[in-house]
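Chemist: what shape does this take:
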Amino acid sequence: MPRINTFKPNSPAPHGMFAGRLSEIEALEKGLNQTKSGNPMNFLITGERGIGKSSLMAYIKPLAISIIKSPDYENFDFVAVNVSISDKTNLITLIRLIERSLKREISKIESIRAFMENTWGFVQRIKVMDSGVEKIQVVEDPDLVIDEFAYSLSETCKRIVNPERGETSKDGIVFFIDEADNANPDLRIGYFFKAVTESLQQNNCNNVMFIVAGLPELTEKLSVSHESSLRIFTELKIKELKVEDRLYVIDRGIEEANNINQEKTTITDTAKSHISTLSEGYPHFIQQFAFSAFETNTDGVITDEDVLDGAFKERGALDAIGARYYASSFYDHIKSDEYRQVLSIMAESMNSWVAKKEIAEKFSGSDQTLNNALQALTTRRIILRNSSTRGEYRLQQKGFALWIKMFGNRGK
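Modeler: Okay, here's the model as predicted:
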C-alpha cells in the first residue's frame, strides 16, 4: 500500500510541524491580550518568500479564535477576518472582502444578521466604476468610503464585545491581511490603515487588531502611501529557522507519517542535515525537500542519496521551488537576456558577494548595459547591494543560484 507523504510544501506549515518563532509568537499573543483589554496593537510581519509569514499567521489564528489555548494567557475569543491582497485589489474590493468575511463569521445569529445588514448597508450603495461601454459611474470619495467603513467596523466590534440580546461576548476583531506587498498605489494602503485606526479610536472602538504580512518592500509601500503609517505597527522581521528548529520539523513530519502509515519510515542524521542545509532555514523549502526525499525513498530509510536525488532531479524539490519562487524573477520580471546573463554569472559564486569588476570580466554586453542591469535587478530586489562595500552584489539565496545553474537555461 502506498505511503502517505505528510510533508506539505504547497501550504502553510501544519500546526504540529510549526517550529521556532517563539519571540514573534510571544509578541503576537501579547498583542491579542492588549487588544482584548482595550489597548489595541497592530503588527507588520515581513520577510522573504517562503520564510513562513503565512505559517505564522496560520499558527496565531487558532489562538485568537479559542481553538487552542495560549500557555501564557486565558483563552482568546476574537472574530478573525482573513483577506489576501492582489495587485488588482482596490479600496472598494478590499472593503467588500472584509464585509463578506465578517458576515460569514458573525451573521449566523439572526439578531446579528439584521444588525450587519443595517450597519454595512453603505457597501451596497457604493458606486463602482463601470467597465461597460454604455455608462460610466463615478467612484465615491475614498475619504467618505473609509469613514463609513471605519464607523461600520467600530459599531460591529462594539456590538460583539458588548452584546445586547444574549449573544456570546467576543474579545474583538482581528484582521489577518496577507500578501499586502501586492498592494497597488491606487489602494493607498498606508493611508487606509492610518485613517481606519484613527477613526476607530475616535469612535471609541479599542478592540480591533490588524496583523499585516508581506515581503520587505511592504514597509516602503506603506510609507510612500502615508509617511506615518508605519508608526501604527510593530514590525516583526521573520528570519531563517535555526538548525534545531529545522530538524524538529523534519522529525515531526516523519513521526506523523508513521502514525498514519503501516509501513514505517526512518531518516538518517546525514539526510536530515542535507535537508536543513538545502532549505537555508526557509520553512516552505524544508517541507519541499523533505517531501521529495520521502517520495524518492523506496526502502523505508531516507538517506542522503534520497535527499539529493529528490532535490536535484528534474521536477524534483529544487525544480518545484524554482517554479514557485525563482522563475518569475528570472523570466517574467526580466525582459532582457543580458540581464539574465548577469544573474547566471553571479550564480557561479552562489550567494556570496561578487564585485562588479568580476561580473564585467565575464559579461558580453556594454558597461552601460551592465550598469542598467545591476540597477534594475537591485531595485526589483532580485539581487542585493552590499551596503558596506561599494560595487558588490549577491543573490539572496543559494537555492536561487543552484536553480539558475541547473534549470535557468531551460527556458520558460
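Chemist: where does pLDDT dip in this structure?
Modeler: Within the chain, the stretches with pLDDT under 70 are 1, 13-17, 108-110, 124-140, 165, 410-412.
Chemist: all strands of it, in order?
Modeler: 43-46, 79-84, 173-178, 208-214, 234-237, 266-267, 301-302, 354-355, 383-385, 392-395 (DSSP state E).
Chemist: these: which one's closest to Ser23?
Modeler: Closest to Ser23 of the strands of the chain is strand 234-237 (C-beta to C-beta; 8.3 Å). (C-beta placed from N, C-alpha, C; glycine too.)
Chemist: now do that closest one: distance to the chain's middle.
Modeler: Relative to its chain's centre, strand 234-237 lies at 13 Å (C-alpha atoms, centre = their mean, to the nearest Å).
Chemist: do the same with stretch 80-100
Modeler: From the chain centre to the centre of stretch 80-100 is a distance of 16 Å (C-alpha atoms, centre = their mean).
Chemist: what is the end-to-end distance of that stretch?
Modeler: Using C-alpha to C-alpha, to the nearest Å, the end-to-end distance of stretch 80-100 comes to 12 Å.
Chemist: could the strands of the chain be laid out in JSON lines, adding distance to Ala373 and mean neighbour count?
Modeler: Listed next are these as JSON lines, based on distance: least, C-beta to C-beta, whole Å; neighbours: other C-beta atoms under 10 Å:
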{"stretch": "strand 43-46", "distance to Ala373": "26", "mean neighbour count": "23"}
{"stretch": "strand 79-84", "distance to Ala373": "32", "mean neighbour count": "19"}
{"stretch": "strand 173-178", "distance to Ala373": "32", "mean neighbour count": "24"}
{"stretch": "strand 208-214", "distance to Ala373": "26", "mean neighbour count": "24"}
{"stretch": "strand 234-237", "distance to Ala373": "28", "mean neighbour count": "15"}
{"stretch": "strand 266-267", "distance to Ala373": "42", "mean neighbour count": "18"}
{"stretch": "strand 301-302", "distance to Ala373": "41", "mean neighbour count": "19"}
{"stretch": "strand 354-355", "distance to Ala373": "13", "mean neighbour count": "18"}
{"stretch": "strand 383-385", "distance to Ala373": "9", "mean neighbour count": "18"}
{"stretch": "strand 392-395", "distance to Ala373": "10", "mean neighbour count": "20"}
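Chemist: can you tell which of those strands is closest to Leu22?
Modeler: Among these, the nearest to Leu22 by C-beta to C-beta is strand 234-237 (11.9 Å).
Chemist: given that closest one, what are its sheet partners and their directions?
Modeler: strand 43-46 (parallel) (DSSP bridges).
Chemist: show me what contacts Leu63?
Modeler: Glu29, Leu32, Lys69, Ser70, Phe76 (C-beta atoms under 8 Å, 6 or more residues apart in numbering).
Chemist: give me the number of residues near the closest residue to Glu148 other than its chain neighbours?
Modeler: Nearest residue to Glu148, sequence neighbours excluded (C-beta to C-beta, 6 or more residues apart in numbering): Phe122, at 4.5 Å. For Phe122, the count of nearby residues is 17 (other C-beta atoms under 10 Å).
Chemist: how's the protein carved up into domains?
Modeler: Per the record, the chain has its domains at 21-237, 243-313, 330-410, by automatic domain parsing.
Chemist: as CSV, those with distance to Asp319 would be great.
Modeler: Shown next, in CSV, are the domains of the chain (distance: least, C-beta to C-beta, whole Å):
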stretch, distance to Asp319
domain 21-237, 15
domain 243-313, 8
domain 330-410, 6
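Chemist: right, and Lys239 touches Ile51 too?
Modeler: Yes. At 7.4 Å, Lys239 and Ile51 qualify as touching, with contact defined as C-beta atoms under 8 Å.
Chemist: isn't the residue nearest to Glu148 up against Leu153?
Modeler: No. Using C-beta under 8 Å, Phe122 and Leu153 do not qualify as a contacting pair, with a distance of 11.3 Å.
Chemist: what touches both of those two?
Modeler: Counting by C-beta under 8 Å, 6+ apart, nothing touches both Phe122 and Leu153.
Chemist: can you tell me how far Met116 sits from Leu91?
Modeler: 20 Å (C-beta to C-beta, to the nearest Å).
Chemist: now Asn42
Modeler: On the measure of C-beta to C-beta, Asn42 and Leu91 end up 19 Å apart.
Chemist: over to Pro9?
Modeler: 34 Å.
Chemist: so which residues of the stretch 101-250 of the chain form helices?
Modeler: 110-119, 121-125, 142-161, 189-202, 218-225, 243-260 (DSSP state H, counting those that start in this stretch).
Chemist: for Ala19, find the nearest of these.
Modeler: Ala19 lies closest to helix 243-260 among those, at 4.0 Å (C-beta to C-beta).
Chemist: residues touching the closest one, excluding its own?
Modeler: Outside helix 243-260, the residues touching it (C-beta under 8 Å, 6+ apart) are 3-7, 13-14, 16-17, 19-20, 241, 264-267, 272, 275-276, 279, 281, 283, 286-287, 290, 294, 302.
Chemist: how about a cut-off of 6 Å?
Modeler: The contact list for helix 243-260, computed with C-beta atoms under 6 Å, 6 or more residues apart in numbering, reads 4, 6-7, 16-17, 19-20, 264-265, 267, 272, 275-276, 286, 290.
Chemist: understood, closing this out.
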